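S.K.: Return a 3D structure for these sequence lines:
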Amino acid sequence: MKTFVLDTNVLLHDTNSLFVFADNEVVVPLCVVEEIDDQKKRVDGIGRNSRQVARSLDELRKKNSLLDGVKLENNGLLRVEIPPSVSASAFPSGLDPQKIDNQILALAIHLKKTRKNQVILVSKDITMRIKADALGLSCQDYERHKVDVDKFYTGSAVLETDSEVINKFYADGCLSIDDISFLPFEANQNITLVDRLNPSHSAIGRYNLKEKTIFPLKSVNTRAKGDTSLWGIRAHNKEQQFAIDMLLDDSLQLVTLIGIAGTGKTLLALAAGLTKVIKDEQYQKLLITRPIIPVGKDIGFLPGDVEAKLMPRMQPISDNLSFLFSLQHEEQFSNISLESLIDDQIIELEALSYIRGRSIPNQFIIVDEAQNLTPHEIKTIITRAGTGSKIVITGDHYQIDNPYLDSCSNGLTYLIERFKGTEIFGHITLVKGERSQLAEIAAELLD
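M.R.: Have a look, this model is predicted:
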């Protein structure tokens, strides 16, 4: 049996973390409970998680004293322990004994000295893990929901083949997997066929798992006939072609687009939403939401009602929508304005805080900047989708503003890893910046 000491950020990241350490001992320092209590009045996900953790501990308390330890269903043991008294003279020089983090470290040191089993501190705080290591403690990040980004699913694959195979693909309008050496493609994986002797001879398509066949992109065939139906937007590279095809495919109920700033993920999602809601009337409403996490120093509370408070946070969305409406010159849509669509609630800008508890049928839903969401928050959003709805989730898993998430543990990468291979899901990683030459160079050079 091992003893795992949990930091506050672990519990706030995953409320189920109390119960996932198998048949080992889980120790929650009393000062962590105090920090959990400090967060309970918040109205965001952190506040909700803190209240859930408190309820879980209260239910366990009814079974037995938390100080003595409560037996868990997985045969583990959970206890709340009081950190030993920390004096400035007894604690390592340079660490403030009054800080909660250092009191947690003090408890871990105490347990290491008094227990025969291995003691491991679990924290999502990098500096906490550094300090623990410097003090000779075993420490680790909370690994549940983590994804190996070095093996991350990109949503596409390149298949080098013979010229005859590509010619057959064009001639037949499809390519059976039996016609080539089998590769373990995922459902709806985007495929680039490249002539191994002449790389300029190529073709693109998408793999259908049921039929074990690569089919051409429907959107490419449509545009070849002169119909630029995606609200005036054309693809600038093959990844954007893949994205457009999936966004317009009603059989895909969930589509994710990731990429660095300027790759067009949000603009393409909005253009598809406008096309499907206003032109095709496939959905009743375009619902757009994003997590409200400021970049840099926050400006504090904003005056006005909910809409007035929300609009500054949604300005990037509003800018993209205004740009798209400036591109629309078709006569039947010339009198439609963004403002009128918002007033008529055909386009709705919503804070993620208000999504919980809703059932959202027959809507085209866009979740932007999803890399700042936890796996639990992503699950909450996905489970809101009602009959006939399509969800498009965009983000950059290397551009995270949430202090407790990283490229491996955020909800966006977790979602992609879990959903890949399902028939209703499509994904593509956008790799080339198209916003401007300056934006692309800045994304590459500025860390």
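S.K.: burial measure for the closest residue to residue 61 other than its chain neighbours, as a count.
M.R.: Residue nearest to residue 61 in three dimensions, not counting chain neighbours: residue 70, with 7.5 Å by C-beta to C-beta, 6 or more residues apart in numbering. In this view, the C-beta of every residue, glycine as well, is placed from N, C-alpha and C. A count of neighbours around residue 70, defined by other C-beta atoms under 10 Å, yields 21.
S.K.: same check, this time on the one 5 residues further on
M.R.: Applying other C-beta under 10 Å, we find 10 other residues in the vicinity of residue 75.
S.K.: Next up, the contacts around the closest residue to it other than its chain neighbours.
M.R.: Excluding the flanking residues, the one nearest residue 75 by C-beta to C-beta, 6+ apart is residue 23, at 4.0 Å. Neighbour list for residue 23: 1, 74, 75, 76 [criterion: C-beta atoms under 8 Å, 6 or more residues apart in numbering].
S.K.: And the residue nearest to residue 61, how far from residue 19?
M.R.: Using C-beta to C-beta, to the nearest Å, residue 70 is found at 11 Å from residue 19.
S.K.: Next: residue 230.
M.R.: Look at residue 230 and residue 19: by C-beta to C-beta, they are 46 Å apart.
S.K.: who's more crowded, the two?
M.R.: Using other C-beta under 10 Å, the more surrounded residue of residue 230 and residue 19 is residue 230, with 23 against 16.
S.K.: got a list of what the residue lying closest to the more buried one once chain neighbours are set aside touches?
M.R.: Leaving aside its chain neighbours, residue 230 sits nearest to residue 271 (5.1 Å; criterion: C-beta to C-beta, 6+ apart). Neighbour list for residue 271: 230, 231, 232, 233, 324 [criterion: C-beta under 8 Å, 6+ apart].
S.K.: Please work out the average pLDDT along the host helix or strand of residue 271.
M.R.: Under the criterion of DSSP states H and E, residue 271 resides in helix 265-274. Average pLDDT, helix 265-274: 94.
S.K.: Tell me which residues of it come out buried.
M.R.: Neighbour counts over helix 265-274 (16 or more other C-beta atoms under 10 Å) mark 265, 266, 267, 268, 269, 270, 271, 272, 273, 274 as buried.
S.K.: If you drop the residues flanking it in sequence, what lies closest to the third one?
M.R.: The shortest distance from residue 267 to any residue that is not its chain neighbour, by C-beta to C-beta, 6+ apart, is 5.3 Å, and that residue is residue 320.
S.K.: how many neighbours does the one you found have?
M.R.: Using other C-beta under 10 Å, residue 320 has 19 neighbouring residues.
S.K.: Do I have it right that it meets residue 265?
M.R.: No: assessed by C-beta atoms under 8 Å, residue 320 is found out of contact with residue 265, at 10.5 Å.
S.K.: coming back round to it: report the contact partners of the residue nearest to residue 267.
M.R.: Contacts for residue 320 (C-beta under 8 Å, 6+ apart) come out as 266, 267, 270.
S.K.: residues in contact with the first one?
M.R.: Which is residue 266. Counted by C-beta under 8 Å, 6+ apart, residue 266 has contacts 316, 317, 320, 366, 368, 394.
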